[in-house]
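Asks: Quick one, what's the 3D model for this:
(2 chains)
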There are 2 protein chains.
Amino acid sequence: MQESGAGGSVGIVVPQVVDIDVPLILDCGRLLRRHQLIVETYGQLNAARSNAVLICHALSGDHHAAGYHGDERKPGWWDNCIGPGKPIDTNRFYVVSLNNLGGCRGSTGPNTVDPETGRVWGPDFPLLTVRDWVRSQSLLATKLGIQQWAAVIGGSLGGMQVMQWAIDLPTRVRHAVVIASAPQISAQNIAFNEIARQAILSDPDFHGGRYYEHGVVPGRGLRLARMLGHITYLSDAAMRAKFGNDLKAPQPSFNFDVEFEVESYLRYQGESFVDRFDANTYLLMTKALDYFDPARDYDDSLVAAFRQAQARFLVIAFSSDWRFSPARSREIVKALVDAGRPVSYALIDSSLGHDDFLMPLPDYHLMLRHYLSRVADEVGA
Amino acid sequence: MQESGAGGSVGIVVPQVVDIDVPLILDCGRLLRRHQLIVETYGQLNAARSNAVLICHALSGDHHAAGYHGDERKPGWWDNCIGPGKPIDTNRFYVVSLNNLGGCRGSTGPNTVDPETGRVWGPDFPLLTVRDWVRSQSLLATKLGIQQWAAVIGGSLGGMQVMQWAIDLPTRVRHAVVIASAPQISAQNIAFNEIARQAILSDPDFHGGRYYEHGVVPGRGLRLARMLGHITYLSDAAMRAKFGNDLKAPQPSFNFDVEFEVESYLRYQGESFVDRFDANTYLLMTKALDYFDPARDYDDSLVAAFRQAQARFLVIAFSSDWRFSPARSREIVKALVDAGRPVSYALIDSSLGHDDFLMPLPDYHLMLRHYLSRVADEVGA
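Replies: Here you go, the predicted structure:
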């Protein structure tokens, strides 16, 4: 048996921009006449067009999930899992990864120009829901000639897109892989999101979302939002193990310089995020998280929602995850069972926290590898 | 048996300012020639001066622990626990409650005038440690004619002062009551504190701590810091029970107005805090938390530190507290046991989270009532 983490690289990848020229009616009631999605694909679509896998990204993710861009030394964000011989095996699957609508990495979003006004969208860009993303992704699938995904896979906010796909477009999803996710976020999750939003909205450089026109970015707010996010991505124990909580020096410095390792980690994470992410997109992503509630359309019954689905489910949770705890995954599993849907559930023993869904934990990757290998057999990949 | 929560009010109280004219050498190496502490007392000091109890406040607390000020409708922050016939019974004890040095409610602190310069201290006010507070409180005790406290009592950061008292001034503490506290804060706690500090320090209205001179306050930063604190004071389950996580309206509003109850709670908490608290004091308090580590002076051995103590200990933790979890209280208890100190430990079944230490939970108040009643007997109160 191949060891977890083994496998090759998809190598250099070149993203492509796909023009979706079908009008899209959004949940907010507004209409997007057309939009663009930036996409990467890995592996080959087979003749039967049956081996396509969709990767749905989380809060700060993007289309660059695997391989290398020419000018970057770091591979895509899920490169440890996607590639030839890897759990999401590009020798067998045709993997599609996109930057969601409203993103800031090349798809139509707040930092792009509204063709109808010739002005950067900024705060005029509509707030979106997970349902809107699924609609946009389904138009992409059609454009790529994919009638049914062999699997739709995502972690965290990505897992919410997976569930929504299975509910809204039952015939188009064969397998739904929901990782480190939740059927609806908790009041505590909303609280974290709200503070992140307030940090951005109250930054004087935010300028009501029109900061592009002022030649600034609301860096203070975005930095704080990201630092806060990082607290929720790691477990208390992982933070202790990773950074300790002893002073770096023998005695306190009695000023506000960095004195503990965790402070320098957070400051670095915050700082580097400002260089690569857009504040309006961050606001939009947190709102999509808050709004996610597939049960709402079914009299608040998640079971009724899942009765629409036809996919088989794999639900994976991590023991040390306190942002979307295993208890939340069990809520998903319970509703699926009650809805009569076939579901496998794996609780992975882990230490890092929510971030573990991005890590090459052997048990986790083995589970994905075995499950997806059977999916590949099933679709003749 | 008297029901928990029963008992009367200490009525109208008038704070007094006590001038401490003994020089105080601080841990940072600086010297305060004199300082003032604002103090409230409840009950009567007995002839033997044996019935005095010190209340140590937490991060945002102050001297006004019980009773009413003439112009306020709300009583002091621990009024449910302090008063005639209450668990900290003012019919038997002489209770002393102060605003710590560096506070912002009347004691010498960043928002007061440095007599040597005639200027508001602001960022020139020294950063303090829990040890500094204990030194300052011991000067107050001497000034009040109290050689030994019948009990020193505090929750959270207040509990840290209690431990430091017992270690640094063993003969002056008869009983040490440590509630919802920790022997040192965790990397995650430091992370929360660091984000709160960065929110304040990066607020353009902070002006390097000299905002008083600019006629503004760093309200954005202080608001965010307080909102963040409130997340850690409540358990996930309590937030869910208290606020739910359903939209207030049938459908999303698709803007950044309040849509969930927890958002309006946090915004209100943040807003009202700005009106009553000083940002420089908040910074100082979080640093004192981060620095607390009584083991540091004893080769990182908490056991060795507690070997100095002569007090009897009562340690109380709350099952739903994730900021200072019961596991942290057990670390304290274990070190006390290993140090041969007499200790009682109570784990209170609770639901609210860290905030429970301020609540009149029957089991909690009964435990305090019985323990302190024996203390009163012991000191002839």
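Asks: what sits against the residue positioned nearest the centre of chain A?
Replies: Residue closest to the average C-alpha location in chain A (CA atoms, centre = their mean): residue A:58, at 1.4 Å. Residue A:58 is in contact with A:154, A:155, A:156, A:157, A:158, counting by CB atoms under 8 Å, 6 or more residues apart in numbering or on different chains. Heads up, the C-betas are built off the backbone N, CA and C, glycines and all.
Asks: Could you rerun that using 7 Å?
Replies: A:155, A:156, A:157, A:158 (CB atoms under 7 Å, 6 or more residues apart in numbering or on different chains).
Asks: Tell me who's in contact with the third one.
Replies: Right, residue A:157. Per CB under 7 Å, 6+ apart, neighbours of residue A:157: A:58, A:59, A:289.
Asks: Which of the contacts of residue A:58 fall in strands?
Replies: residue A:155 (DSSP state E).
Asks: ChimeraX command for the buried members of the contacts of residue A:58?
Replies: In ChimeraX syntax, the buried subset of the contacts of residue A:58 is picked out as below (16 or more other CB atoms under 10 Å in any protein chain shown):
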select /A:155,156,157,158
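Asks: Max pairwise distance over the contacts of residue A:58: which two?
Replies: A:155 and A:157 (8.2 Å; CB to CB).
Asks: in the stretch 201-350 of chain A, which spans are helices?
Replies: A:219-233, A:236-243, A:261-276, A:279-291, A:302-307, A:326-338 (DSSP state H, counting those that start in this stretch).
Asks: Can you list the helices and strands that the first one packs against?
Replies: By that I understand helix A:219-233. helix A:187-201, helix A:261-276, helix A:279-291, helix B:187-201 (3 or more CB pairs under 7 Å, 6 or more residues apart in numbering or on different chains; DSSP states H and E).
Asks: Also the fifth one?
Replies: Packed against helix A:302-307 by the contact rule (3+ CB pairs under 7 Å, 6+ apart) you find helix A:326-338.
Asks: Any residue of the helix it packs on touching chain B?
Replies: No - interface with chain B: helix A:326-338 contributes nothing (CB under 7 Å from any CB of the partner chain), its closest point being 9.6 Å away.
Asks: Flag every residue of the stretch 101-250 of chain A that's near chain B.
Replies: A:126-127, A:184-188, A:190-192, A:194-195, A:197-199, A:201-202, A:204, A:220, A:224, A:227-228, A:231, A:236, A:239-240, A:243-245.
Asks: As a markdown table, the contacts of residue A:157 with pLDDT would be great.
Replies: Below are these laid out as a markdown table (pLDDT from 0 to 100):
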| residue | pLDDT |
| --- | --- |
| A:58 | 97 |
| A:59 | 96 |
| A:289 | 97 |
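Asks: What is the nearest of the residues you listed to chain B?
Replies: Nearest to chain B among the contacts of residue A:157, counting by CB to the nearest CB, is residue A:289 at 11.2 Å.
Asks: and that closest one, what does it touch?
Replies: With CB under 7 Å, 6+ apart, residue A:289 has these contacts: A:157, A:185, A:193.
Asks: Report the contact partners of the last one.
Replies: Residues in contact with residue A:193 (CB under 7 Å, 6+ apart) are A:286, A:289, A:290.
Asks: residues contacting the first one?
Replies: Translated: residue A:286. Counted by CB under 7 Å, 6+ apart, residue A:286 has contacts A:193, A:196, A:197.
Asks: and the gap between the closest residue to it other than its chain neighbours and residue A:199?
Replies: Computed as CB to CB, 6 or more residues apart in numbering or on different chains, the closest residue to residue A:286 that is not its neighbour in sequence is residue A:193, at 4.0 Å. According to CB to CB, to the nearest Å, residue A:193 and residue A:199 sit 11 Å apart.
Asks: can I assume residue A:284 is in contact with residue A:101?
Replies: No - under the criterion of CB atoms under 7 Å, residue A:284 is not in contact with residue A:101, lying 9.5 Å apart.
Asks: of those two, who's got more company?
Replies: Legend: neighbour count by other CB atoms under 10 Å in any protein chain shown for residue A:284 and residue A:101, higher for residue A:101 (26 against 22).
Asks: If I look at the closest residue to residue A:204 other than its chain neighbours, what pLDDT would I see?
Replies: Counting by CB to CB, 6+ apart, residue A:204 lies nearest to residue B:204, which is 5.7 Å off, once chain neighbours are set aside. Predicted confidence (pLDDT) at residue B:204: the value is 97.
Asks: Residue B:204: how many residues sit nearby?
Replies: 14.
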